[in-house]
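Peer 1: Next one to model:
(4 chains)
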There are 2 protein chains.
Amino acid sequence: MPQSKRPNSKKERRLENEKLILSAAEKVFAEAGFGGATMQLIADMAGLPKANLHYYFPTKESLYRQVVQNIFQTWLQAADIFDAAEGPEEGIGAYIDAKMEISRRHPAGSKVWASEVMHRAPVIQDYLETTLMEWTDGRAKIIDRWISEGRMAPINPRHLLYMLWATTQHYADFGHQIETLNGGEALTDAQWEDAKTSIKQIILRGIGATG
Amino acid sequence: MPQSKRPNSKKERRLENEKLILSAAEKVFAEAGFGGATMQLIADMAGLPKANLHYYFPTKESLYRQVVQNIFQTWLQAADIFDAAEGPEEGIGAYIDAKMEISRRHPAGSKVWASEVMHRAPVIQDYLETTLMEWTDGRAKIIDRWISEGRMAPINPRHLLYMLWATTQHYADFGHQIETLNGGEALTDAQWEDAKTSIKQIILRGIGATG
DNA sequence: TCTTTACTTGACCATACGGTCAGGATGCGC
DNA sequence: GCGCATCCTGACCGTATGGTCAAGTAAAGA
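Peer 2: From the prediction side, this is the model:
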């Protein structure tokens, strides 16, 4: 007699609990860093006993690894927009929008990623060397093509990409600083729109890609 | 009989040891985060017994606090260049150069700062609310004046400042990622120059402040 | 030289943390 | 309904860590 209200099937519960744990872990790792986070805190936030965490994720490190890998996936998804674009104004503009939206919706993930990279990427170094490297090379080539087609000014694509990453992720990673400078209030919808517009304005004009 | 070769006077030794400890602490906090850093590790790196650290800095938190405050001072010093400038091209250009130089010379400090802010600034929240707030308001006013004088395009000064911070500090905080994408090699002198030039080119042109 | 003050340090302590485990509960296939 | 595999969890353990302390050493001051 499978119930649909409260998912009690084993598979469903498993997935649900894993999701619950991963979500709690992301928050705690973001707030406290890997070293400062405790399994007990994650357990409390997930509403599960600590020993249960170790049933799903044998070690703290394995849990952390899973969190970071999930974030990396989200990170890469924003790339699709870049690829589908027809030119720099559309591609880079949409990429900025997408990454700003990620910063707004998943600030914890962005922080965990930043923390991981700052600590010399002990867990996802191989991803940096393979997947991220390929992604970056591919995007750099697209930008170089746009430049050779005269659709934007000649600019080192890598530094442009770093600038895009830095600026968009700043709104998540340094969100607390921004909020403090905003009088202690989170940015409003209008302010987020203003941020997006300002960034696109500066960068698109800066690379000579405005209509 | 005060010796000048090896500073054995109490005051000199005190200052020397404090500097030694603070320098080691900055590195360890940057590499491991506050939670991951251990007093033993800092002691080893400073070449002193652990108990000696606790003589100079009673708690781990007090040591951390001192490190963060020192970094904040460096951070603010780069402002002088901004103030002394005659117009946006000179002021913002020089500010970018100065902040990039800090990222290059003191990456550990930048990382500690980033980490502190990411964790909701438990130690320097009051600085954010007072000193940083005033600094930001002041700089925003200067930019607004430049805009009203027609020396640059109308742009929300805050988002421009965030962009400057984000981009320049990215080269320190995400230095490991940049190094990995650079084939595992640290950026050369020429590459650092290229970075500075690219950033200035995009931003100065983006805000309509090029000669 | 003698006293006092500042500094140094090995040994030690309480605590908190990651991780284990045994035994019980629960749903699943037959 | 029954046996089995999966899931759950309170109690427990070893270790590492921040911090203490008392006893010693070296410099400053008189």
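
Peer 1: which stretches of chain A form strands?
Peer 2: Along chain A, no stretch is classed among the strands by DSSP state E.

Peer 1: Any idea which helix or strand in it has the lowest mean pLDDT?
Peer 2: helix A:79-84 (a mean of 84; mean pLDDT, DSSP states H and E).

Peer 1: Tell me which residues of that one come out buried.
Peer 2: A:81-82 (16 or more other C-beta atoms under 10 Å in any protein chain shown). Placement of C-beta: from N, CA and C, glycine included.

Peer 1: Mind giving me the packing neighbours of that helix?
Peer 2: Applying 3 or more C-beta pairs under 8 Å, 6 or more residues apart in numbering or on different chains; DSSP states H and E, one finds that helix A:79-84 makes contact with helix A:88-105, helix A:133-148.

Peer 1: tell me the domain boundaries of chain A?
Peer 2: By the record's domain assignment, chain A is partitioned as A:10-58, A:68-206 (automatic domain parsing).

Peer 1: Is it possible to get a markdown table of these that adds distance to residue B:152?
Peer 2: Below are the domains of chain A laid out as a markdown table (distance: least, C-beta to C-beta, whole Å):
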| stretch | distance to residue B:152 |
| --- | --- |
| domain A:10-58 | 36 |
| domain A:68-206 | 11 |
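
Peer 1: who wins for proximity to DNA strand C among the ones you listed?
Peer 2: Each of those was scored for nearness to DNA strand C using C-beta to the nearest atom of the strand, and the closest is domain A:10-58 (3.6 Å).

Peer 1: Could you check how many residues crowd around the residue of chain A at minimum distance from DNA strand D?
Peer 2: Across chain A, no residue is closer to DNA strand D than residue A:51, which sits at 2.8 Å (C-beta to the nearest atom of the strand). The number of residues packed around residue A:51, counting by other C-beta atoms under 10 Å in any protein chain shown, is 9.

Peer 1: Next one: it relative to residue A:62, how far apart?
Peer 2: Summarising the geometry, the distance separating residue A:51 from residue A:62, computed by C-beta to C-beta, to the nearest Å, is 15 Å.

Peer 1: Is stretch A:28-40 positioned near DNA strand D?
Peer 2: No - among the residues of stretch A:28-40, none lie within reach of DNA strand D under C-beta under 7 Å from any atom of the strand; the closest is 8.8 Å away.

Peer 1: Would you check that residue A:172 makes contact with residue A:103?
Peer 2: Yes - distance between residue A:172 and residue A:103: 3.7 Å, which falls inside the contact criterion (C-beta atoms under 8 Å).

Peer 1: Identify the contacts common to the two.
Peer 2: residue A:110 (C-beta atoms under 8 Å, 6 or more residues apart in numbering or on different chains).

Peer 1: Leaving out chain neighbours, which residue sits closest to the residue nearest the centre of chain A?
Peer 2: If you average the C-alpha coordinates of chain A and look for the closest C-alpha using C-alpha atoms, centre = their mean, you land on residue A:110, 4.2 Å from that point. For residue A:110, ignoring the flanking residues on the chain, the nearest one in space by C-beta to C-beta, 6 or more residues apart in numbering or on different chains is residue A:172 at 3.6 Å.

Peer 1: can you tell me which residues contact that neighbour?
Peer 2: Applying C-beta under 8 Å, 6+ apart, one finds that residue A:172 lies in contact with A:102-104, A:106-107, A:109-111.

Peer 1: and what of residue A:205?
Peer 2: B:153, B:205-208.

Peer 1: Could you do residue A:171 as well?
Peer 2: A:100, A:103-104, A:178, A:187, A:195, B:162.

Peer 1: how close does it get to residue A:139?
Peer 2: Distance of residue A:171 to residue A:139, computed by C-beta to C-beta: 21 Å.

Peer 1: can you check residue A:76 too?
Peer 2: As judged by C-beta to C-beta, residue A:76 and residue A:139 stand 11 Å apart.

Peer 1: what's the answer for residue A:173, then?
Peer 2: With C-beta to C-beta as the criterion, residue A:173 and residue A:139 are 21 Å apart.

Peer 1: ok, residue A:76 and residue A:139, which is more surrounded?
Peer 2: Neighbour tally, residue A:76 and residue A:139, criterion other C-beta under 10 Å: the higher count belongs to residue A:139, 20 against 13.

Peer 1: For chain A, give me the ranges with low pLDDT.
Peer 2: Across chain A, residues meeting the criterion (pLDDT under 70) sit at A:1-8, A:211.

Peer 1: for it, longest helix please?
Peer 2: Of all the segments of type helix in chain A, defined by DSSP state H, the longest one is helix A:10-36.

Peer 1: In it, which of the residues would be classed as buried?
Peer 2: Residues of helix A:10-36 classed as buried by neighbour count (16+ other C-beta under 10 Å): A:17, A:21-36.

Peer 1: Run a quick neighbour tally on the residue nearest to residue A:34 when sequence neighbours are not counted.
Peer 2: Among residues not flanking residue A:34 along the chain, residue A:64 sits closest, at 5.8 Å (C-beta to C-beta, 6+ apart). Other residues near residue A:64 come to 20 when the count uses other C-beta under 10 Å.

Peer 1: same deal with residue A:125?
Peer 2: Using other C-beta under 10 Å, residue A:125 has 15 neighbouring residues.

Peer 1: And for the closest residue to it other than its chain neighbours, the neighbour number?
Peer 2: With C-beta to C-beta, 6+ apart as the measure, residue B:180 is the residue that lies nearest to residue A:125, at 7.4 Å, once sequence neighbours are left out. As a burial measure, the neighbour count of residue B:180 was computed by other C-beta under 10 Å and equals 21.

Peer 1: was I right about residue B:180 contacting residue A:133?
Peer 2: Yes - checked against C-beta under 8 Å, the pair residue B:180 and residue A:133 is within contact range at 7.3 Å.

Peer 1: how much space between the residue nearest to the centre of chain A and residue A:71?
Peer 2: Distance of residue A:110 to residue A:71, given as C-beta to C-beta: 8 Å.

Peer 1: Once you drop chain neighbours, what's closest to residue A:204?
Peer 2: Nearest in space to residue A:204, with sequence neighbours left out and distances taken as C-beta to C-beta, 6+ apart, is residue A:210 at 5.1 Å.

Peer 1: The one you found is in contact with residue A:89, isn't it?
Peer 2: Yes - under the criterion of C-beta under 8 Å, residue A:210 makes contact with residue A:89 at 6.5 Å.

Peer 1: Neighbour count: the two, which is higher?
Peer 2: Set side by side, residue A:210 and residue A:89 show unequal neighbour counts under other C-beta under 10 Å, the larger going to residue A:89 at 18 against 15.
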